[in-house]
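Trainee: Sequence below, structure please.
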Amino acid sequence: MKKLPTTRTENLKARLKRNLLNLFPSYWGTGAHAVFLSSDSREIQIKLPLFWRTRNYVGTIFGGSIYASADPIYMIQLIELLGKTYVVWDKSASIRFLRPGNKTLYARFLISDELLDNIKKEVAEKHEIDLTLDVDFVDLEGIVYAKVSKVLYIADKSFYKIKKASRKK
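Mentor: The predicted model follows:
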């Protein structure tokens, strides 16, 4: 199974999580599948092949498949990495197509230690933040075909509960 280069490892638990993601009906429907999930959840790689389920009217990868395959990944990673004291929601997204996806595409979602520390620090100061994360869809030569930008809402869970309760009044 082809994937992009990495320095991280995938253990049995991570492999099980990856397989569960691939079997989840809404993710399976995108036509993509996760090919790597690091043991620490900081890296996920996906593969989006060009085949009958992902092909659009003009014979290239359907833009909706590109977007949908990227949609849950950063949110899943941040929920795993931040833990139960944080709330993480997808807030918005945009996609920019640079060239027609006429071959299998790959995307590498990476959360660095520095980024995770900055998120925790900002949420501790502000209680909630909007975070923008980008991912490129590339071929095996590294040529970029599309760029997806995701905006995620991240909050301290106790702050979020109070905020949510005040909206109900």
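Trainee: Check which residues of the strand or helix carrying residue 121 are buried.
Mentor: Using DSSP states H and E, residue 121 sits in helix 113-126. Using 16 or more other Cβ atoms under 10 Å as the test for burial, helix 113-126 gives 119-120, 123. The way it works is simple: take the backbone N, C-alpha and C, and place the C-beta from them, glycine included.
Trainee: Could you verify that residue 21 is part of a strand?
Mentor: No. Residue 21: not assigned to a strand; according to DSSP: H, G, I helix; E, B strand; the rest coil it is helix.
Trainee: neighbours of it, just the number please.
Mentor: A count of neighbours around residue 21, defined by other Cβ atoms under 10 Å, yields 19.
Trainee: Return the set of residues that bridge with the residue nearest to it when sequence neighbours are not counted.
Mentor: Nearest residue to residue 21 in three dimensions, chain neighbours excluded: residue 34, at 5.2 Å (Cβ to Cβ, 6 or more residues apart in numbering). Under DSSP bridges, the beta-bridge partners of residue 34 are residue 46.
Trainee: For my notes, confirm residue 165 occurs in a helix.
Mentor: Yes. Checked against three-state DSSP, residue 165 lies within a helix.
Trainee: In a helix, residue 77, correct?
Mentor: Yes. Under three-state DSSP, residue 77 falls within a helix.
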